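> predicted model and sequence below, questions to follow.
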Amino acid sequence: MTVKIYDHIFDPFSEIQQFQHSAHFAGKFGATSIFIGTMRDFNEGDDVKAMTLEHYEGMTQKQLRNIIEMAKSQWHILECLVIHRVGAIFPNEPIVLVSIWSAHRAEAFEACRYVMEELKTHAPFWKRETLTTNETRWVTTHSAN
Amino acid sequence: MITIRYFGSLKETLGKSFETIDNAENFTVLDIWHLVNPDFSIAENTLTAVNMDYVSRSEIVKKGDEVAFFPPVTGG
């Protein structure tokens, strides 16, 4: 189970490939479920040109590990990789990756959804966005889906 | 000593990200807020953590603890 916090752009597909390649579960998994969150260039009806993600170093990692442990207690997961960006982010860049490996698809789908939803409500990250007008504002709400 | 940290928009509202206090034995998280922010009432949606775990505002804080106050999280 791996949690990574990056302050630079990353390629989620390369990360998945590398992780799977170096992992110990070759031949054991039949399902990989992946969620990638990407920055949009709009929010709440405004054009957004950049975003800064702040987090609580240490608590972020602790909460993400707790979430993964909770997922492991509910589903048979072979491996989990979670990567989240902090710092300056621009539209079309990935913000978050959740990847779950399991023997069967139902577990992979459900655990991936669970980890992502729990991350949204428990991992201490805060977004501040810069509009194309150069106005900046804290994001205060999540989209419901 | 107890360390207090603030994040997100709350850090800007209060104009501080970090402070320490002594002599706050047996204070609750809420007591600590009132002690160090007498001019600001705590917002209903403010989240609280001690030693990087979520806690209620009635949690008793001990010497050496790190207390954090922050707005609802918006990651992902």
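Alright, I've got the coordinates.
> which intervals of the chain have sub-threshold pLDDT?
You didn't say which chain, so I picked chain A. Counting by pLDDT under 70, the low-confidence segments of chain A come to A:143-145.
> ranges for the helices of chain B?
Secondary structure of chain B (DSSP state H): helices located at B:8-14, B:29-36.
> chain A is nearest to which of the ones you listed?
Proximity to chain A (CB to the nearest CB) singles out helix B:8-14 among those, at 3.6 Å. Heads up, the C-betas are built off the backbone N, CA and C, glycines and all.
> how about the residues of chain A by chain B?
Within chain A, the positions near chain B by CB under 8 Å from any CB of the partner chain are A:37, A:53-56, A:58-59, A:62-63, A:84, A:95-96, A:116, A:119-127, A:138-142.
> ok, for the residue nearest the centre of chain A, nearest residue in space, not its chain neighbours?
Closest to where the C-alpha atoms of chain A average out (CA atoms, centre = their mean) is A:Val96, at 2.9 Å. Excluding the flanking residues, the one nearest A:Val96 by CB to CB, 6 or more residues apart in numbering or on different chains is A:Gly37, at 4.1 Å.
> neighbours around the one you found, how many?
Neighbour count of A:Gly37, defined by other CB atoms under 10 Å in any protein chain shown: 18.
> test my guess that it contacts A:Lys127.
No: here A:Gly37 lies out of contact with A:Lys127, judged by CB atoms under 8 Å, at a distance of 11.2 Å.
> does the residue of chain A found nearest chain B have beta-bridge partners, and which?
In chain A, the residue found nearest to chain B is A:Phe125; the distance is 2.8 Å by CB to the nearest CB. With DSSP bridges as the criterion, A:Phe125 is bridged to A:His55.
> still on that earlier bit, beta partners of the residue nearest to the centre of chain A?
Under DSSP bridges, the beta-bridge partners of A:Val96 are A:Gly37, A:His84.
> any idea how far A:Arg113 is from it?
Distance of A:Val96 to A:Arg113, given as CB to CB, to the nearest Å: 13 Å.
> shared neighbours, these two?
A:Phe35 (CB atoms under 8 Å, 6 or more residues apart in numbering or on different chains).
> and B:Thr28, what does it touch?
Each residue near B:Thr28 by CB under 8 Å, 6+ apart is listed here: B:57-61.
> what's the local residue count around residue 43?
Let's take chain A. 17.
> hmm, I had chain B in mind actually
If you count neighbours by other CB under 10 Å, B:Ala43 ends up with 13.
> over to B:Gly15?
B:Gly15: 7 neighbours (other CB under 10 Å).
> now check stretch B:41-54, is it near chain A?
Yes: looking at stretch B:41-54 against chain A by CB under 8 Å from any CB, the contacts come from B:49, B:52-54.
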